[in-house]
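Undergrad: Output the structure for:
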Amino acid sequence: MMRLAFDIGGTFTDFILDDGATGATHVLKVPTTPGDPSKAVIAGLEQLLETAGIAGKAIDMVLHATTVATNAVLERKGAATGLITTEGFRDVLIIGRQKRYETYDLYIDKPKPLVQRRHIAEIAERVGPDGTIVRPLEPASVDRAIDALVASGRQTIAVALLHAYACPEHERAVRDRIAARAPGVSVSISSDVSAKIREYERTSSTVTNAYVKPLVDRYLGRLEQALEARGFGQQLFVMQSSGGLISPGLAREFPVRIIESGPAAGILMCAIVGKAEGREDVITFDMGGTTAKLGAIDAGAPAIMSSFEIDLVRFKKGSGLPISVPAVEMVEIGAGGGSIARTDKGMIVVGPESAGAEPGPICYGKGGTEPTVTDANVVLGYISPDWFNAGAMRLDADAAADGIGRRIGAPLGLSAQQAAWGIHLVATSNMENALRLVSVERGRDPRRYALIAFGGAGPLHAARMARSIGIPTVIVPHGAGVGSAVGLLEAEPRFDVSATRMMRLAPDSSGAIEAVYRGLDMQLRGVLERGGQGEQRDQAHQAGDLRWSRYAQMRYAGQGFEIHVDLPDGPIDESYAGRAIEAFRHAYLRKHRFLDAEGTIEAVDWTLVATVASQTSAPGPARIGAGAARAGTRKAWFPEAGGWVEARVLDRQALAALGQITGPAIVEDPDSTAVIPPGDAARISHAGHLIIDIAGAPA
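TA: Just a heads-up that it's a prediction; the model follows:
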């Protein structure tokens, strides 16, 4: 099978073309076009196909991951959004949760909502938690709310009514009324986006979906048209935050499901690399042009969460915007190569604003005037002005130094080099905080983990981050700069539906559980049909390649939190409730090392998942890339070695021939650059990955 995968980041769009028959693999990075990301996609596809010497019609499958939605939220560049909610609940987003993420800090910053209070409208209606209609919907209040939001210039409206997860009737009526009264306005309703309890989380998820929906809808629409026009008539799949693939139709309808699209693909790649290196416990570090993402893989499998947070204020749980949809576990911050540096009260601050691809960092020479992390790394000698992106882009180091000196150095009384080092340290420190959250603060001993660094900028900062927290080994995969695109080749189509059905479990609860999953099964089959997957589902089912799985969020009755519990497969018979209870006890004991033998067990959310098993495998990383070995030296800033030193500069092939080297050194790939600080040792593994052994790391 000939497969083409591409990942759109805030600065670069990455491609990988894999020929399953011959094993040939081609990679490419091109600058993203923020105004219309499909332009960069088409330009890159044409260049890649010309290099490979094949026609578009030869491609069997097109796989896509993107951070378009993610970056829109982080940079607050989504559509003008309004919210319609139940009378008396206008401030759900403003209040959030009673619990503070820093209990004793009187000056904490709360996450900034995506919709302002003046654009939140109330309507007269009320549904009870059991789904009964307490107060009928008043159409006149709906019309007033719609008219007010449209008059204020809202392009998209979220509808999140009280207890709509139990009865969606009123939300659907409001959706239909918006379609009739304001047909040009996009609509998202909470009972479709996230039919779960907890008003704040459900409302936040729905508002996020509405906020990015027009942007994602336009982008995917243009992309599909452009692909079709150039002979790519094959089915396009889009990566979800959960690590599965969905159709473009579902991605356009529920873009909140692809918020972590690119990072999820990268974590799948890390699972492959960890397995190849015999490391089942790894922490993943993906740093691109706009954001940095950190995740974890335990016992060889990425952790799937029922919800996550985006745009965290202080890397603390509860400090970000909650998104109540399944996702791989990760922490994301606005720190990338394009993150803008500035001064604030005598200090250097980096991000979350990004220069993106247009105009980009100063060194790109495209009109950028704000100093960025990439500019700093060029000034420090870590990035070659002549070999950036395999020489496809020449960087202006003098302009970067001048910009950093004027914007950062002069206000602080520093030289351009000192200011550049300060930018590098601040950016690294920001990511170290996120690394601590993923590891130590979540019960992971960093001494047992390896750090897999990828993305265009990840390998450049990884070794110093690993040393700061005690991680003994850094792995830089072959093809690290296009890691998320590589991970796409391992993904499978995955569809899931969830619902809140509060139920106290007893041995005789099997009938009630069966009824819940019967309803979810009908809902999931509707999702498959709506996403254009009906034919593929039937073919997969006939071939025995359609896998069904179940899980639930469960707790002891009276607790205010739940844990993820994988439920047994197979028919739901009379013994099923007992097996579900045992599954909860096993999961609870593993997580908390405690069981309440007399406690009543309660299930809250139920989920059904359908996965289409892939008939292909991801390419071996060692097959990516080719060319003559390169080696030399370059002046670079390593204060650990006294300042400016003549550092060795070489690529993987040259390093493989040497066996092992000790830093200071720089290893350049066509798609990324790895910095080896003084004392650290670097070598190439049997699988072609770069291994960095951190000096002085604890055993």
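Undergrad: Where in this protein is the helix or strand with the lowest mean pLDDT?
TA: One helix or strand of the chain scores below all others by mean pLDDT, DSSP states H and E: helix 534-543, with a mean of 42.
Undergrad: Have a look at this structure and report its longest helix.
TA: helix 199-229 (DSSP state H).
Undergrad: and that helix, how far from the chain's centre?
TA: 15 Å (C-alpha atoms, centre = their mean, to the nearest Å).
Undergrad: same deal with stretch 424-442?
TA: In this view, stretch 424-442 has its centroid 17 Å away from the chain centroid, taken as C-alpha atoms, centre = their mean.
Undergrad: Following element in sequence after the least confident helix or strand of the chain, please.
TA: Next along the chain after helix 534-543, taking DSSP states H and E as the criterion, comes strand 546-556.
Undergrad: Any stretches of the stretch 251-400 of the chain with poor pLDDT?
TA: Residues of the stretch 251-400 of the chain meeting the criterion pLDDT under 70: 315.
Undergrad: any idea how far the nearest residue to residue 134 once chain neighbours are set aside lies from residue 83?
TA: With C-beta to C-beta, 6 or more residues apart in numbering as the criterion, residue 134 has its nearest non-adjacent residue at 4.1 Å, and that residue is residue 126. C-beta coordinates here come from the backbone N, C-alpha and C atoms, glycine included. From residue 126 over to residue 83 the distance is 17 Å, taken as C-beta to C-beta, to the nearest Å.
Undergrad: neighbour-wise, which of these two wins?
TA: It is residue 83, of residue 126 and residue 83, that has more neighbours when counted by other C-beta atoms under 10 Å, with 28 against 18.
Undergrad: residue contacts, the nearest residue to residue 696 once chain neighbours are set aside?
TA: Distances taken as C-beta to C-beta, 6+ apart place residue 679 nearest to residue 696, at 7.2 Å, with adjacent residues excluded. Residues in contact with residue 679 (C-beta atoms under 8 Å, 6 or more residues apart in numbering) are 640, 662, 663, 695, 696.
Undergrad: Now do the second one against residue 677, distance only.
TA: Translated: residue 662. 10 Å.
Undergrad: Pick out whichever of these two has more residues nearby.
TA: residue 677 (19 against 14).
Undergrad: Next, please give the residue ranges for the strands of the stretch 551-699 of the chain.
TA: For the stretch 551-699 of the chain, the strands defined by DSSP state E, counting those that start in this stretch cover 563-566, 601-612, 631-638, 643-650, 660-662, 665-668, 673-676, 681-684, 690-693.
Undergrad: I'd like to know which elements the fifth one is packed against.
TA: Applying 3 or more C-beta pairs under 8 Å, 6 or more residues apart in numbering; DSSP states H and E, one finds that strand 660-662 contacts strand 681-684.
Undergrad: Check which strands are paired with the strand it packs on and give the direction for each one.
TA: Sheet pairing for strand 681-684, assigned by DSSP bridges, gives strand 660-662 (antiparallel), strand 690-693 (antiparallel).
Undergrad: Check the offset of it from the chain's centre.
TA: The chain centroid and the centroid of strand 681-684 are separated by 29 Å, computed with C-alpha atoms, centre = their mean.
Undergrad: residues of that strand that come out buried?
TA: Within strand 681-684, the residues that count as buried by 16 or more other C-beta atoms under 10 Å are 682, 684.
Undergrad: Could you do stretch 419-430 as well?
TA: Buried residues in stretch 419-430 (16+ other C-beta under 10 Å): 419, 420, 421, 422, 423, 424, 425, 426, 427, 428, 430.
Undergrad: got the contact list for the helix or strand containing residue 72?
TA: Using DSSP H and E, residue 72 falls within helix 68-74. Applying C-beta under 8 Å, 6+ apart, the contact partners of helix 68-74 are 8, 10, 37, 77-78, 114, 208, 211-212, 215-216, 219, 255-256, 258-263, 290-291, 310-311, 321, 332, 334, 352, 354, 356.
Undergrad: at 6 Å instead, please
TA: Helix 68-74 has contacts (C-beta atoms under 6 Å, 6 or more residues apart in numbering) with 8, 10, 37, 78, 212, 215-216, 219, 255, 258-259, 290, 310-311, 334, 352.
Undergrad: and residue 361, what does it touch?
TA: Residues in contact with residue 361, defined by C-beta under 6 Å, 6+ apart, are 355, 368, 372, 374, 375.
Undergrad: Out of these, grab the one that's most surrounded.
TA: The most neighbours of any of those, using other C-beta under 10 Å, belong to residue 375, which has 36 neighbours.
Undergrad: which SSE is it in?
TA: Using DSSP H and E, the element containing residue 375 is helix 373-379.
Undergrad: Might you list the low-confidence residue ranges for the chain?
TA: By pLDDT under 70, the weakly predicted segments of the chain are 233-234, 315, 530-545, 613-628, 697-699.
Undergrad: Could you chop it up by domain?
TA: Following the assignment in automatic domain parsing, the chain carries domains at 2-74+217-258, 81-214, 339-426, 492-612.
Undergrad: Tell me which of the ones you listed sits nearest to residue 463.
TA: Nearest to residue 463 among these is domain 339-426; the distance by C-beta to C-beta comes to 11.4 Å.
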